[in-house]
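> Got a sequence here, can you model it:
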Amino acid sequence: MTEVKESLPNANLTDAEYYFNRELSWLEFNHRVLHEAFDSRTPLLERLKFLAIFSSNLDEFFMVRVAILKEQVEANVSKITPDGRSPQQQLDDICQRLRPMVVEQHRFFENTLRSLLLGNGIHLLNYIDLNQEQRLYLQDYFEKRIFPVLTPLAIDPAHPFPHMSNLSLNLAVIVKDPQGEIERFARVKVPSILPRFIAFPKELQDQDSIWTGVPLEQAIAHNLESLFPGMNIQEYHPFRITRDADIELEEEEADDLLLAIEQELRKRRVGGSVVRLELHATMPSSIRHMLVEEMELTDGDIYEVEGLLNLKDLFALTGLPLPEQRDRPFTSTIPPRLRSPLDDPNLPPVTPVDMFSVIRQGDLLVHHPYESFSASVEQFITQAAHDPHVLAIKMTLYRTSGDSPIVNALIAAAENGKQVAALVELKARFDEENNITWARKLEQVGVHVVYGVVGLKTHTKVVLVVRQEHDGICRYVHIGTGNYNPKTARLYTDFGLLSCRDDLGADLTDLFNYLTGYSRQQSYRKVLVAPVNLRDRMTAMIRREIDHAKKGNPGRIIAKMNSLVDASIIRALYEASQVGVQIDLIVRGICCLRPGVKGISDNIRVLSIVGRYLEHSRIFYFHNNGQEEIYIGSADWMPRNLDRRVEAVTPIEDPALMETLTDILEVFLQDNRHAWELQPDGTFVQRTPGPKEDILSSQDIFMERAIAASHPPR
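The predicted structure is shown next:
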């Protein structure tokens, strides 16, 4: 990282030295993920999981971010980022920073984790380690279950270089024809449709073994004679490719957005240009050179790997029956207000509460995964679908699961004769196909399905329920920070507000009219909406803290988000720091702001929390000279969220809920187990408790609080 010289309050806040690079900052986040695997305090199978997450994250990084940079280089784009880098400089710096991480990851797996797995009865073996009985079993397994699936592809003047699919694992095979003594090259794809790891039956395992198996590619490699009969197998070398998988779409030219995205998805399956080649260092230069030439790569696109390729597949081993080597079990609890008085408070609930009655009693804030998503958000939508007094349901769907109870509830609502509108975001990256499937199912039952506003992704997480009640129409709302996905709701931390306040209901009515019809709505009563007023209001609230500080009053900002990238927001935060506003930023991933620079950002502290759950919630706190304001919503402080997406951020105005959120933010700030502090030079230092300090894990604290709240004393 670059060294920062001491700066003065009148410094040029657009200077590149005050900004970190977005891509390099993301790599540092992924390194924090990798550290969870290295950390001996993390249970063994969870360490395996974090290794797999690191690899999975990298795949997406190359398919999208690196692919975009390479396209910019090819197009001679010379645009410089706020930190002063060109596209080519970013690619060069990514290689320089990432290569040691990849080496570190694979070396740790091969030299440390494999032996720890072995010591816990998980025997991930290499073919050379197998006894004769195991080899015979593997040969029989190959002949019956693998061989029929394989397709060897020769490469010679009569057989052109084959197209290789994105993220495919392959074997480069050299065979020699005994008649002409000519060496020939072939490629064998390791089928992703088969399990990556082949388990041996119990009778072929050691007595202390919980699981014993070998990688699929080794079973193929040691039976290549069956694929090339009559040939002599000289050598084989595994390699893996990553392609550009970003979808390019001119929405204005698409007559039917759904069909246009389907066409782009077909292109993705074929794959764009290759952006990364992973291989073993032992691969001969002749084979390496051929792959590089045929795929039009450079040396910078090659990543050498020791041992097993594609550690993402380690996910398959994280579910093995070894409970003492996993995180302690936790089941989301039922918020006290959502428990029926008919239920025993010390037993699981039996009787669903009337969600509408609960919400009428006052705003309800739910904190997932500590508090149940199914008992709150799902229950709210499901009851609305079947309630005879509900007239209409409108909601946005950015990402949802393949067996979504929420989508099924919308289908039931339409079948029950209610007006149902669903905004399905077809451009949710890597969920496009799933969303197309749901869009078609919803349309078939009469749901009004729309795909949002041309040129914008609809990222907001909102539901509007219109209900006929004895005193007239009442609008119920849910405004959240996370997707309507019951699976990720168990893994991501998010907040949701359930309310029947008139102003929020009116705002969401206007928002849905903007999304489904033609509207130039420029003002909302309470909700901050991007790209309409969110940027201006957030900037205004930062500047309000500046004004308070200039008058000698305390200024205070706490903001929690996934990423902080927007240069304009960062400059405003720098200005606030310069006049003494105390700023704490809890940023899980990318942070382009440089904290702790004297005279610029010495009043700004940045934390990143990486733990058991993915920190996904967004909270924004402004002290406002004692008249505190707190917001939650779907938007990060990134240009895409503020300018190119439809987002909704709602104020929390109930005093008790404001106190709850303020306390939650303070717990995050005190974390000394999973919190990392960003230094002025761009490095992160993990907090550790002092000799006389207790370990404070914010996520553990929230789990304990949820359990305590759901089991009140008799």
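
> and the helix ranked longest in the chain, which residues are buried?
The longest helix of the chain (DSSP state H) is helix 87-108. Neighbour-count burial for helix 87-108 flags 87, 89-91, 94-95, 97-98, 101-102, 105-106, 108 (criterion: 16 or more other Cβ atoms under 10 Å). Every residue, glycine included, has its C-beta placed from N, CA and C.

> same check, this time on stretch 663-679
Going by neighbour count (16+ other Cβ under 10 Å), the buried part of stretch 663-679 is 664, 665, 668, 669, 671, 672, 673, 674, 675, 676, 678.

> ok, and the first one, which helix or strand is that part of?
Assignment of secondary structure by DSSP states H and E places residue 664 within helix 655-670.

> what's in contact with that helix?
Here helix 655-670 makes contact (Cβ atoms under 8 Å, 6 or more residues apart in numbering) with 363, 365, 367, 495, 497, 558, 560, 584, 586, 607, 609, 619, 621, 628, 630, 632, 652, 675, 696, 698, 701-702.

> Can you name the next helix or strand after that helix?
The first helix or strand that comes after helix 655-670 along the chain, using DSSP H and E, is strand 675-678.

> host element of residue 37?
Assessed by DSSP H and E, residue 37 sits inside helix 22-38.

> which helices and strands sit right next to the next helix or strand after that helix?
Next along the chain after helix 22-38, taking DSSP H and E as the criterion, comes helix 44-60. Applying 3 or more Cβ pairs under 8 Å, 6 or more residues apart in numbering; DSSP states H and E, we find helix 44-60 packed against helix 22-38, helix 87-108, helix 114-119.

> Which strands or helices does the helix or strand just after the shortest one pack on?
Proceeding N to C from helix 114-119, the next assigned helix or strand is strand 122-124, under DSSP H and E. Secondary structure elements in contact with strand 122-124, counted by 3+ Cβ pairs under 8 Å, 6+ apart, are helix 114-119, strand 211-215.

> on that earlier part again, tell me the helices and strands packed up against the longest helix of the chain.
helix 22-38, helix 44-60, helix 67-74, strand 302-305.

> among those, which is nearest residue 423?
Nearest of these to residue 423, taken as Cβ to Cβ: helix 44-60 at 24.5 Å.

> May I see the buried residues of the closest one?
Within helix 44-60, the residues scored as buried using 16+ other Cβ under 10 Å are 44-59.

> could you pull out the helices for the stretch 451-600 of the chain?
All helices of the stretch 451-600 of the chain, identified by DSSP state H, counting those that start in this stretch, fall at 502-516, 534-550, 567-578.

> Can you spell out which helices and strands pack onto the last one?
This points to helix 567-578. helix 534-550, strand 582-587, strand 604-609.

> Dump these to JSON lines, plus distance to residue 127 and mean neighbour count.
What follows is the helices and strands packed on helix 567-578, written out as JSON lines (distance: least, Cβ to Cβ, whole Å; neighbours: other Cβ atoms under 10 Å):
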{"stretch": "helix 534-550", "distance to residue 127": "57", "mean neighbour count": "18"}
{"stretch": "strand 582-587", "distance to residue 127": "45", "mean neighbour count": "22"}
{"stretch": "strand 604-609", "distance to residue 127": "41", "mean neighbour count": "22"}
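
> Of those, which is nearest residue 214?
strand 604-609 (37.6 Å).
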